[in-house]
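Sharing a model that was predicted from the sequence below.
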Amino acid sequence: MREAAMQNLTQEADLITLRGWLALESGNVELARQELGAAFELGHVRSDTYAAGLAVGTTPLPGQDHFLYLHSLPLAETGRRWIENAAR
């Protein structure tokens, strides 16, 4: 069950990251920012979402957030940084 949940989460993050990069490539920076941010947030397990963390095999302690290892998150973070740096 846990593996299936993690696989679905990974696939969803991959698709959202791809949409973000396609939006960035087409010049739609605002949509890219939203999509890449959404992908990044999929991997963020907050301490107040204990059940969600448990479903994918992590249980952060109160006050300690945790990031899941999803393959596309480094790419999503890179895109977010590019957008932020271009805005300066």
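Good, I have the coordinates.

Any stretches of the chain with poor pLDDT?
1, 46-66 (pLDDT under 70).

packing partners for the longest helix anywhere in it?
Longest helix of the chain, by residue count under DSSP state H: helix 2-25. For helix 2-25, the packing partners by 3 or more CB pairs under 8 Å, 6 or more residues apart in numbering; DSSP states H and E come out as helix 29-42, helix 73-87. No exception for glycine: its C-beta is placed from N, CA and C like everyone else's.

Now do the same contact list for Ala32.
20-21, 23-24, 79, 83 (CB atoms under 8 Å, 6 or more residues apart in numbering).

give me that answer again for 6 Å
Applying CB atoms under 6 Å, 6 or more residues apart in numbering, we find Ala32 in contact with 20, 23-24.

Chain neighbours aside, what residue packs nearest to the most centrally placed residue in the chain?
Compute the mean C-alpha point of the chain, and by CA atoms, centre = their mean the closest residue is Phe40, 2.2 Å away. Leaving aside its sequence neighbours, Phe40 sits nearest to Ala76 (CB to CB, 6 or more residues apart in numbering; 4.8 Å).

okay, now the one you found: neighbour count?
Residues within reach of Ala76, counting by other CB atoms under 10 Å, total 26.

Report the separation between Ser72 and Ala87.
22 Å (CB to CB, to the nearest Å).

Among these two, which residue is more densely surrounded?
Ser72 (23 against 8).

Could you pull up the residues touching the nearest residue to the more buried one once chain neighbours are set aside?
Of all residues not flanking Ser72 in the chain, Thr17 sits nearest, at 3.9 Å (CB to CB, 6+ apart). The contact partners of Thr17, taken as CB under 6 Å, 6+ apart, are 39, 72, 75-76.

got these as a markdown table, with distance to Met6 columns?
Output for the contacts of Thr17, formatted as a markdown table (distance: CB to CB, whole Å):
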| residue | distance to Met6 |
| --- | --- |
| Ala39 | 15 |
| Ser72 | 13 |
| Leu75 | 18 |
| Ala76 | 17 |
